[in-house]
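1. sequence below, structure please.
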Amino acid sequence: PLKKFDLTMSARLLRALTHVPVPVFGTAASAAMYTKQCARTLIPFYPWAFPLTVGGLWFVWPAVDREWKISMGLMADPEAAAKAAAAAAPEVTLDDSAKEAIANAYKGEPVKEETAEMKAVTAQIAKGDFSALEKEWDSFNEKAIRPGEDDDDDDDDEDDEDDEDDDEEDDEE
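-> Okay, the predicted model is just below:
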């Protein structure tokens, strides 16, 4: 338990601290009184403290130096992670056939020379005449369309409605 001597000593200490000179305010007591008065005027703004803090950090965080973030432990050190990954990665050895495959991977098939027929078609297309391609288009069109396929969706919808009407009549009986 606290003795009376301890309480009076702490009271004396606080009283002495209030007389400590503080720039602009004069004493610590007047600075504390001013701070208390300002805090009372800010009470209506307390609900905005968290959103304003988050918004402020949203704009300030990208401007903070990356090295500072790493030194404070707020961000992982990418160099240390790269060194650790390099140390943990197994060494890969390739045989000659694999090296040759890698060296030739970007090379495509050799370019075929145009035949006389291809040159003639290209010349027609350059002039705006696509009649040479119409045979190919027609054959593609015939392959794409299935003969006997009913493309009329409206007829299918009417058939579905008729089936529903028949089902309702069967339920009434």
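
2. hey, where'd the helices end up in the protein?
-> 4-18, 28-41, 49-60, 66-71, 78-88, 96-103, 116-127, 134-144, 153-172 (DSSP state H).

3. mean confidence for the last one?
-> When the per-residue pLDDT values of helix 153-172 are averaged, the result is 60.

4. got it, and stretch 64-84?
-> What stretch 64-84 shows for mean pLDDT is 88.

5. hmm, back to that, mean neighbour count and distance to residue 109 added to the helices of the chain, as JSON lines?
-> (Each C-beta comes from the backbone N, C-alpha and C, glycine too.) Listed next are the helices of the chain as JSON lines, based on neighbours: other Cβ atoms under 10 Å; distance: least, Cβ to Cβ, whole Å:
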{"stretch": "helix 4-18", "mean neighbour count": "10", "distance to residue 109": "88"}
{"stretch": "helix 28-41", "mean neighbour count": "12", "distance to residue 109": "78"}
{"stretch": "helix 49-60", "mean neighbour count": "10", "distance to residue 109": "53"}
{"stretch": "helix 66-71", "mean neighbour count": "12", "distance to residue 109": "47"}
{"stretch": "helix 78-88", "mean neighbour count": "9", "distance to residue 109": "37"}
{"stretch": "helix 96-103", "mean neighbour count": "10", "distance to residue 109": "16"}
{"stretch": "helix 116-127", "mean neighbour count": "11", "distance to residue 109": "17"}
{"stretch": "helix 134-144", "mean neighbour count": "9", "distance to residue 109": "23"}
{"stretch": "helix 153-172", "mean neighbour count": "9", "distance to residue 109": "44"}
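
6. using CSV, please lay out those together with distance to residue 110.
-> Output for those, formatted as CSV (distance: least, Cβ to Cβ, whole Å):
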stretch, distance to residue 110
helix 4-18, 91
helix 28-41, 82
helix 49-60, 56
helix 66-71, 49
helix 78-88, 39
helix 96-103, 17
helix 116-127, 16
helix 134-144, 25
helix 153-172, 49
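
7. can you tell me the closest non-neighbouring residue to residue 21?
-> Leaving aside its sequence neighbours, residue 21 sits nearest to residue 27 (Cβ to Cβ, 6 or more residues apart in numbering; 6.3 Å).
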